[in-house]
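Undergrad: what shape does this take:
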Amino acid sequence: MKIRRQKKAQKILGFYQHNFDIRPPYTVLLDGTFCYAAIEGKVKIAEDIPKYLGSLDTKLITTQCIILEVEQLRKLKRDLHGPYMIVKQFPVHVCGHEGKPVPASSCIKSLLKKENPKKYIIASQDNELRTHIHECVTGTPVLYLHRSAPTLEKPSEKSQADPLNANKTITTHEEKTLQSLKRKLIGEEEVEPERRKKKKKNPNPLSCKKSKKVKKPQQQQQQEMKEGKSKRKRKKHKKPGAVHHHIQQEAS
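TA: Next up, the predicted model:
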């Protein structure tokens with residue numbers, strides 16, 4: 001099961017690497033709820049989280065607002081002394097609320113903004129905070145503890161629908177600079193002229209061959225010759241008595 005979880009985690013991290021440029025070494029922002037769940041599940045945060053993410057250089061950080069919130073809650077509940085001692089072990093990240101602390105969830109929301117510009121991975125058990133990240137923040141991996149197993153949540157619908165919004169768009173000046181560099185290195189691109197469609201033309205009369213008379217077969221010619229002979233007119237022969245009578249009339 002452990003290998004299966006790691007493969008699933010790498011698949012999810014691959015989505016964020018490809019679409020939101022979240023690459024190792026990762027920066028994991030922890031809150032008090034995650035530290036409390038780690039004590040109950042006997043999870044060694046400093047060892048187990050980097051192994052699960054597949055990057056031993058993972059940075060585990062917290063903020064002053066988170067530490068102060070756990071410290072105040074410790075005064076009300078004695079069982080929060082352990083989470084307080086754990087959260088104090090991690091480096092404190094500057095959140096901008098020094099001197100005016102805010103609730104931990106509000107502090108994390110202010111760091112994430114709408115597009116998670118610092119590429120944080122949020123480690124929290126706070127359901128309200130996780131819902132806010134899914135609905136309002138793109139490109140933010142969320143890590144939580146399922147009993148004693150670190151688990152990455154699937155990318156939210158907002159991140160899947162528009163994964164490239166979190167990346168910075170190229171300005172017009174940068175685009176012109178890229179085009180000029182491309183011309184210097186590659187040269188001008190040859191633009192092929194548009195090919196016109198050829199119209200159908202009439203055939204050239206000089207190139208057309210004259211129609212040849214089809215020769216009739218020999219049998220048909222012989223038959224026609226026989227028919228021609230049979231149609232010849234017969235000569236009329238005059239009787240000798242009629243000629244003599246005609247001569248006598250002329251003499252008289």
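
Undergrad: three-state assignment of T140?
TA: coil (DSSP: H, G, I helix; E, B strand; the rest coil).

Undergrad: ok, the one 4 residues further on next?
TA: Under the three-state scheme (three-state DSSP), the conformation of Y144 reads as strand.

Undergrad: okay, now it: neighbour count?
TA: 19 (other Cβ atoms under 10 Å). (Glycine included, C-beta is placed from N, CA and C.)

Undergrad: ok, it - contacts?
TA: Shown in contact with Y144 (Cβ atoms under 8 Å, 6 or more residues apart in numbering): F34, A37, A123, S124, Q125, R130, P150, T151, E153.

Undergrad: now with 10 Å?
TA: By Cβ atoms under 10 Å, 6 or more residues apart in numbering, the contact list for Y144 reads 33-34, 37, 122-127, 130, 150-153.

Undergrad: please apply the same query to P50.
TA: Contacts for P50 were tallied using Cβ under 10 Å, 6+ apart; they are P24, P25, Y26, V28, L56, D57, T58, K59, L60.

Undergrad: what ranges do the strands span in the stretch 51-200 of the chain?
TA: 59-63, 92-93, 120-123, 142-146, 149-152 (DSSP state E, counting those that start in this stretch).

Undergrad: distance to S159 and mean pLDDT for these - can I get that in TSV?
TA: Formatted as TSV, those follow (distance: least, Cβ to Cβ, whole Å; pLDDT from 0 to 100):
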stretch	distance to S159	mean pLDDT
strand 59-63	22	97
strand 92-93	23	95
strand 120-123	13	97
strand 142-146	10	95
strand 149-152	13	94
